[in-house]
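Asks: got a predicted model here, sequence first, then my questions.
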Amino acid sequence: MLKGNFFHGLGYLGEGFRLIRQPGLRLFVVIPLVINILLFGVLFYFLAEAFSLLIATAMGWLPDWQWLQALDWVFWILYGVVILLMLAYGFVIVANLIGSPFYGYLSELTEKHLTGQEVDTGGGWGQILKDIPRALLREVQKILYYLPRALLLLIIGLIPVVNLVAAVLWFLFNSWMMALQYVDYPADNHRVSFGDLRRSLGAKRLSAFGFGLPVALAAMVPVLNLFVVPAAVCGATAYWVRERSSQA
């Protein structure tokens with residue numbers, strides 16, 4: 001039986017957008033935001049053509065059945081949604097690889113703002129530099145968790161008829177991954193292992209899906225996805241503070 005509160009989870013991203021406007025947090029929002037803008041420009045340039053090619057290739061694999069060809073627009077939409085979800089999380093992966101040291105510190109400052117208590121991570125710019133290798137290793141752990149599951153869903157999405165459920169599975173998986181991705185920042189600040197984090201989120205899976213759902217949607221919207229990353233970090237920290245305290 002799934003536990004947690006889906007509707008409570010939905011509110012955390014909105015809280016994150018309110019938090020990133022706080023004076024003490026803005027600097028650690030602006031720096032990765034500039035990085036994301038540059039990154040998004042480069043990715044958009046190279047992926048625009050790749051998107052069309054992937055759609056054409058996927059459609060070419062369909063058998064030459066008349067009823068399938070008559071529904072080609074449905075498959076175009078399904079493949080389009082799946083690819084957009086892949087690109088959305090792909091953007092998040094690359095953005096977080098680059099900005100992870102800043103996001104860890106942003107999460108620390110957000111938790112201090114919410115609780116009034118210091119998070120014992122060392123703090124400061126020196127700590128950000130020291131944490132770069134550990135932060136990158138943590139991002140690699142998430143990528144290794146993501147890739148085999150994404151590959152399995154991609155294979156399912158290429159099977160005619162079965163692929164009708166692929167977009168739904170992708171969306172649920174992306175919602176879960178977004179929760180896992182961002183709640184990992186406050187968890188890492190408290191030295192909670194990646195495995196323990198997965199189990200903690202799994203114990204309140206409905207809350208996790210509620211948080212991850214709007215993040216996954218926002219990550220698919222150009223321009224908005226530039227701002228959703230720092231907002232998701234702050235929202236995930238609020239999730240960590242409130243959901244963990246309710247588990248205690």
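Replies: Done, it's in.
Asks: and the helix or strand harbouring residue 147, what does it pack onto?
Replies: Following DSSP states H and E, one finds residue 147 within helix 132-157. For helix 132-157, the packing partners by 3 or more CB pairs under 8 Å, 6 or more residues apart in numbering; DSSP states H and E come out as helix 72-115, helix 166-189, helix 194-203. Glycine gets a C-beta too; all of them are placed from N, C-alpha and C.
Asks: let's go with 7 Å and repeat that
Replies: Where contact means 3 or more CB pairs under 7 Å, 6 or more residues apart in numbering; DSSP states H and E, helix 132-157 is packed against helix 72-115, helix 166-189.
Asks: residues near the nearest residue to residue 110 once chain neighbours are set aside, how many?
Replies: Once flanking residues are discounted, residue 110 sits nearest to residue 237: 4.2 Å by CB to CB, 6 or more residues apart in numbering. Using other CB atoms under 10 Å, residue 237 has 32 other residues around it.
Asks: so how far is the helix or strand harbouring residue 237 off the chain centroid?
Replies: Using DSSP H and E, residue 237 sits in helix 224-247. Relative to the chain's own centre, helix 224-247 is displaced by 11 Å; criterion: CA atoms, centre = their mean, to the nearest Å.
Asks: with stretch 171-182 instead?
Replies: Remark: stretch 171-182 is offset 6 Å from the chain centroid, using CA atoms, centre = their mean.
Asks: ok, and for it, which residues are buried?
Replies: Buried residues in stretch 171-182, counted by 16 or more other CB atoms under 10 Å: 171, 173-182.
Asks: ok, residues contacting it?
Replies: 85, 89, 92, 96, 142, 146, 149, 153, 198, 201, 208-209, 211-213, 215-216, 232-233, 236 (CB atoms under 7 Å, 6 or more residues apart in numbering).
Asks: what subset of these is buried?
Replies: The neighbour-count test (16+ other CB under 10 Å) marks 85, 89, 92, 96, 142, 146, 153, 198, 201, 208-209, 211-213, 215-216, 232-233, 236 as buried among the contacts of stretch 171-182.
Asks: pLDDT score for the residue nearest the centre of the chain?
Replies: By CA atoms, centre = their mean, the chain has its centre lying nearest to residue 178, at 3.0 Å. Residue 178 carries a pLDDT value of 92.
Asks: helix, strand or coil: sort out residue 21 for me.
Replies: Following DSSP: H, G, I helix; E, B strand; the rest coil, residue 21 is assigned to coil.
Asks: next, the angle from the helix holding residue 237 to helix 194-203.
Replies: Helix 224-247 and helix 194-203 meet at an angle of 80 degrees, taking axes from the mean of the first three to the mean of the last three CA atoms, to 10 degrees as the criterion.
Asks: picking that back up, would you single out the least confident of the helices and strands packed on helix 132-157?
Replies: Across the helices and strands packed on helix 132-157, the lowest-scoring stretch is helix 72-115, with a mean of 73.
Asks: which stretches of this structure have low pLDDT?
Replies: 1, 43-45, 47-52, 54-93, 118-132, 160-161, 163, 245-248 (pLDDT under 70).
Asks: surely residue 162 and residue 168 touch.
Replies: No - using CB atoms under 7 Å, residue 162 is not in contact with residue 168, being 11.8 Å away.
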